[in-house]
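In: Can you look at this prediction? I've put the sequence above it.
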Amino acid sequence: MLDFDPIDEAARQWGQRWGAVPAMHAVTSLMRVQQLVLARLDALLKPHGLSFARYEALVLLVFSSRGSLPLGKMGERLQVHPTSVTSIVRRLESSGHIRRLPHPEDGRAVLAEITPAGRELVERATADLVAAGFALDSLDEAQLRELSELLRPVRAAAGDYEVDPSS
């Protein structure tokens, strides 16, 4: 553990050369927190044989009305490349948590369907994540809401989702 904040030091040095210190500090902090949170989430999920990416895929299938989705739709909703979806699905299928099925209406498409074992795994893994505050347990509920709202315009400006013009 360092006895100083390396992001503060980077910002100090950055400011001696260039501008936009607040933006540089914020994005560097955001990226570092993302690394820390993902590492903690993966550590919480490791005993379940999951990574956070595979957990997200299972949860997506739990949330779907039929417990299944086409692989292309999964990629859209998870916002990952098709090869990543294929890799995630392959790992979950080999562990018995999902099965791949031909799409009943589109002969070119493949469905991923969660199995009962996959549903049970989601419940156990979710209990651990909730107990750990999704690795954000150092923030209280008001701070969590504030953080989400602070990040919303960045996501919207990047086209992460369609913004309702009437709101």
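Out: It's in.
In: Centre of the chain to the helix of greatest length in the chain, how far?
Out: The longest helix of the chain (DSSP state H) is helix 21-45. How far helix 21-45 lies from its chain's middle: 12 Å, per CA atoms, centre = their mean, to the nearest Å.
In: for that helix, packing partners?
Out: Applying 3 or more CB pairs under 8 Å, 6 or more residues apart in numbering; DSSP states H and E, one finds that helix 21-45 contacts helix 6-17, helix 52-63, helix 116-131. C-beta coordinates here come from the backbone N, C-alpha and C atoms, glycine included.
In: With respect to burial, which of those helices scores highest?
Out: helix 52-63 (a mean of 20; mean count of other CB atoms under 10 Å).
In: on that earlier part again, buried set for the longest helix of the chain?
Out: 24-25, 28, 40-42, 44-45 (16 or more other CB atoms under 10 Å).
In: in the protein, what spans have low per-residue confidence?
Out: Residues of the chain meeting the criterion pLDDT under 70: 167.
In: Residue most distant from the centroid, it?
Out: residue 16 (35.5 Å; CA atoms, centre = their mean).
In: and which of the buried residues of helix 21-45 is nearest to residue 105?
Out: residue 45 (33.8 Å; CB to CB).
In: list the contacts for that closest one?
Out: The contact partners of residue 45, taken as CB atoms under 8 Å, 6 or more residues apart in numbering, are 51-52, 54-55, 125, 128-129.
In: quick one, which of the helices and strands packed on helix 21-45 is nearest to residue 74?
Out: That would be helix 52-63 among the helices and strands packed on helix 21-45, by CB to CB, at 6.2 Å.
In: re the thing from before, of the contacts of residue 45, just say which sits nearest to residue 63.
Out: residue 55 (12.6 Å).
In: got the angle for the longest helix of the chain vs helix 6-17?
Out: 160 degrees (axes from the mean of the first three to the mean of the last three CA atoms, to 10 degrees).
In: Okay, angle between helix 21-45 and helix 52-63 too, please.
Out: Going by the same axes, to 10 degrees, helix 21-45 makes 70 degrees with helix 52-63.
In: Next, the angle from helix 21-45 to helix 116-131.
Out: 130 degrees.
In: rewinding a little: I'd like the contacts of residue 45 laid out as JSON lines, including distance to residue 151.
Out: As requested, the contacts of residue 45 are exported to JSON lines (distance: CB to CB, whole Å):
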{"residue": "51", "distance to residue 151": "23"}
{"residue": "52", "distance to residue 151": "18"}
{"residue": "54", "distance to residue 151": "24"}
{"residue": "55", "distance to residue 151": "21"}
{"residue": "125", "distance to residue 151": "24"}
{"residue": "128", "distance to residue 151": "24"}
{"residue": "129", "distance to residue 151": "19"}
